[in-house]
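[1] Using only what follows, build the 3D model:
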Amino acid sequence: MSTFQRAARPEGKPPAQTEQPARTESARPESNRAIKRAAYAASNPVANRPSPTTADSRPAGPSKAKPRNRPRTVDRDPKPVVAAESEGERLSKRVMALKGCSRREAEQYIEGGWVMVNGVVVEDPPFRVLNQTVTMAPEATLLNTADITLILYKPSGWLDGVEEDDDEDDDEDAHPAAKHARGRGSKQQIPNARSLLTVANRYSNDQSEIRALKRHFLHLEAEVPLETGASGLVVFTQDWRMTRKLSEDLGSMEHELIVDVTGEVQPEALQKIARALNDERNPLPQVKFSVNSSTPELSKLRFAIKGAHPGLVAYLCGKAGLEIQAMRRIRIGRMALTDLPVGQWRFLSAYEKF
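    Presented below is the predicted three-dimensional model:
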């Protein structure tokens, strides 16, 4: 009877006492290891454990137990070597042999747009070549590999690119001209200004003389927010020093905006804006404002604000009872839009500063 089975007995009768054989000196285990094996044998079924070995035991026969499923350490369907060789070698490896440089330098040459495969510029180091002709431009250099900064003229109704898919800083009433819904389904329909950063949208009169490469549109950060309904200057950069300046010194930079309002601006409206700015119960950032032009149909107001404060101009115009038709940011610090067309971008030149 197995150790996991129990003999049936009538109700009320005590369990039968089994006689234990007297222990003799010869039946005593020879060592502590034998004691442990005997204890293990008593707590496990015979079918699932090996029989204890003793000094006079015979060699065990072939085991009938099923083999365990061990994890495979090799690929079930290894790719043939011929298929791997037919794909060719990495372009960076070919450039290493051609230029006699390290792998990192070869990748920098490729990412810099200096390597051509059959006369076509290739900027991907993992690109594989077999029998193609690989050449390098005679003026190839690794000196112009610095991070870049882009200046974009964002159109009205586009996200500013500070967030990838959303603009949490925007206010629904920040710009009445931007009539867009704020529901879950409509957020994804608002275009993002990042989608304008392509070679096709580069300003034709860009004076920076920087060649546009694929790496220039990677890892771009935007630190200066702008209302979705407003248009104007936004900045994208790869340079950590520019990112730090725009984030830490943003509050001291002056942002200039031109706001178109309906009708002629009366002096009483300007007084209401001044009272709202001087209200001690509601402290506001430092703002300078003036009237650029005024006609019975349309007036242009100029606001110069320390720092980026989306929704502030709309709040001040609401206090004065002015209806906003359009809003445009034309300057951040010392950097102005100048003649940059709407929806286009250009590189920030080395001599330009914010």
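[2] How about the backbone phi and psi for residue 92?
    Dihedral pair for residue 92: phi -60, psi -40, per degrees, to the nearest 10.
[3] Contact partners for it?
    103, 106-107, 110, 125-126 (C-beta atoms under 8 Å, 6 or more residues apart in numbering). In this view, the C-beta of every residue, glycine as well, is placed from N, C-alpha and C.
[4] Tell me which helix or strand residue 292 sits in.
    Element membership for residue 292, per DSSP states H and E: strand 287-294.
[5] got a list of contacts for that strand?
    258, 264-265, 270, 273, 277, 299-306, 312, 316.
[6] Could you spell out the sheet neighbours of that strand, each with its direction?
    strand 298-306 (antiparallel) (DSSP bridges).
[7] residues in contact with the strand it pairs with?
    251-265, 285-294, 312-313, 316-317, 322, 325.
[8] For it, C-alpha coordinates in PDB please.
    C-alpha atoms of strand 298-306 as PDB (Å, rounded to 0.1, in the frame of the first residue of the first chain):
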ATOM      1  CA  LEU A 298     -10.100  96.900 -37.600                       C
ATOM      2  CA  SER A 299      -7.500  98.000 -35.100                       C
ATOM      3  CA  LYS A 300      -4.000  96.600 -34.400                       C
ATOM      4  CA  LEU A 301      -2.700  96.400 -30.800                       C
ATOM      5  CA  ARG A 302       0.900  95.600 -29.800                       C
ATOM      6  CA  PHE A 303       1.600  93.700 -26.700                       C
ATOM      7  CA  ALA A 304       5.100  93.200 -25.200                       C
ATOM      8  CA  ILE A 305       5.000  90.600 -22.400                       C
ATOM      9  CA  LYS A 306       7.800  89.200 -20.200                       C
END
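[9] Buried residues in it, which are they?
    The neighbour-count check on strand 298-306 (16 or more other C-beta atoms under 10 Å) flags 299-301, 303, 305 as buried.
[10] Among those, which one lies nearest to residue 193?
    Nearest to residue 193 among those: residue 305, at 20.6 Å, using C-beta to C-beta.
[11] Let me know the pLDDT of that closest one.
    In this model, residue 305 is scored at 94, pLDDT.
[12] beta partners of it?
    According to DSSP bridges, beta-bridge pairing links residue 305 with residue 255, residue 287.
[13] Show me what the one helix or strand residue 241 maps to is packed up against.
    Assigned by DSSP H and E, residue 241 belongs to helix 240-248. Judged by 3 or more C-beta pairs under 8 Å, 6 or more residues apart in numbering; DSSP states H and E, the packing partners of helix 240-248 are strand 231-237.
[14] how about low-confidence regions in the chain?
    Residues of the chain that meet the criterion pLDDT under 70 lie in 1-34, 36, 39-86, 144-145, 164-188.
[15] Could you list the domains of it?
    As assigned by automatic domain parsing, the chain contains the domains 82-136, 149-347.
[16] Could you export those domains as a markdown table, including distance to residue 353?
    A markdown table is the format used below for the domains of the chain (distance: least, C-beta to C-beta, whole Å):
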| stretch | distance to residue 353 |
| --- | --- |
| domain 82-136 | 26 |
| domain 149-347 | 6 |
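[17] Show me what counts as buried in stretch 342-354.
    Here stretch 342-354 shows 344-348, 354 as buried, counting by 16+ other C-beta under 10 Å.
[18] now swap in stretch 261-281 and tell me
    Buried residues in stretch 261-281, counted by 16+ other C-beta under 10 Å: 261, 265, 269-270, 272-273, 276-277.
[19] Kindly report the same for stretch 334-341.
    Those would be 335, 337, 340, for stretch 334-341 by 16+ other C-beta under 10 Å.
[20] can you tell me which of those are in strands?
    Taking DSSP state E, the ones among the buried residues of stretch 334-341 that sit in strands are residue 335.
[21] about what we covered before: hmm, who's touching the helix holding residue 241?
    In contact with helix 240-248 (C-beta under 8 Å, 6+ apart) are residues 147, 149, 221, 223-224, 235, 237, 354.
[22] neighbour-wise, which of the contacts of residue 92 leads?
    residue 110 (26 neighbours; other C-beta atoms under 10 Å).
[23] which residues in the chain form strands?
    Ranges of strands in the chain, per DSSP E, are 89-90, 115-117, 120-121, 128-129, 134-136, 149-154, 231-237, 254-262, 287-294, 298-306, 324-332, 335-336, 345-347.
[24] Between those, which one is closest to residue 203.
    strand 345-347 (4.2 Å).
[25] and that closest one, what does it pack onto?
    Applying 3+ C-beta pairs under 8 Å, 6+ apart, we find strand 345-347 packed against strand 149-154.
[26] outside of the strand it packs on, which residues touch it?
    160-161, 193, 196-197, 216, 220, 226, 230-239, 242, 335, 337, 340-348.
[27] now residue 221, nearest residue through space, not along the chain?
    residue 243 (5.3 Å; C-beta to C-beta, 6 or more residues apart in numbering).
[28] Residue 147 touches residue 221, doesn't it?
    No. Using C-beta atoms under 8 Å, residue 147 is not in contact with residue 221, being 10.4 Å away.
[29] who touches both of the two?
    What both residue 147 and residue 221 touch, as defined by C-beta under 8 Å, 6+ apart, is the set 237-238.
[30] Quick check: residue 323 touching residue 265?
    No. Using C-beta under 8 Å, residue 323 makes no contact with residue 265, being 11.1 Å away.
[31] OK, contacts around residue 105?
    Here residue 105 is in contact with 99, 142 (C-beta under 8 Å, 6+ apart).
[32] Quick check: it vs residue 157, distance?
    45 Å (C-beta to C-beta, to the nearest Å).
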